[in-house]
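Trainee: I would like the atomic coordinates for the input below:
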Amino acid sequence: IRKSVEDHVFEWDSQRIPVTISLGVSTLGSGDKTADALIQKADQALYRAKRTGKNRTCLGEENDSESVRKSR
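Mentor: Down below sits the predicted model:
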């Protein structure tokens, strides 16, 4: 998804507009009891992506380790 947005040509008024996104992705852990836990981990991963350089995908881990992925 991130790479598709980065590669897409967005134009307005005949001018190209570069667009990138950062993503936070997570899975529901074995100790998580609610969807809120999943959302919180994904949200933490999203803000980590923004903090560590933007235009990235960060993975929310069970222990919320600093896992970052940026494909080129």
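
Trainee: how near is Arg56 to Val5?
Mentor: 12 Å (C-beta to C-beta, to the nearest Å). In short, each C-beta sits where N, CA and C put it, glycine included.

Trainee: Val19 now?
Mentor: For Val19, the distance to Val5 - C-beta to C-beta - is 6 Å.

Trainee: for the chain, which spans come out with low pLDDT?
Mentor: Along the chain, segments meeting pLDDT under 70 span 62-72.

Trainee: In terms of neighbours, single out the busier of Arg56 and Val5.
Mentor: For Arg56 versus Val5, the count of surrounding residues by other C-beta atoms under 10 Å is larger for Arg56: 22 against 13.

Trainee: need the helices for this protein, in chain order.
Mentor: Ranges of helices in the chain, per DSSP state H, are 2-7, 35-51.

Trainee: Of all the ones you listed, which one comes closest to Leu23?
Mentor: Leu23 lies closest, by C-beta to C-beta, to one member of the helices of the chain: helix 2-7, at 5.6 Å.

Trainee: So what's the gap between that closest one and the chain middle?
Mentor: Remark: helix 2-7 is offset 12 Å from the chain centroid, using C-alpha atoms, centre = their mean, to the nearest Å.

Trainee: is the most centrally placed residue in the chain in a bridge, and if so with what?
Mentor: Nearest to the geometric centre of the chain sits Leu23, at 1.1 Å (C-alpha atoms, centre = their mean). Bridge pairing for Leu23 (DSSP bridges) gives the partners Thr57.

Trainee: That'll do, ta.
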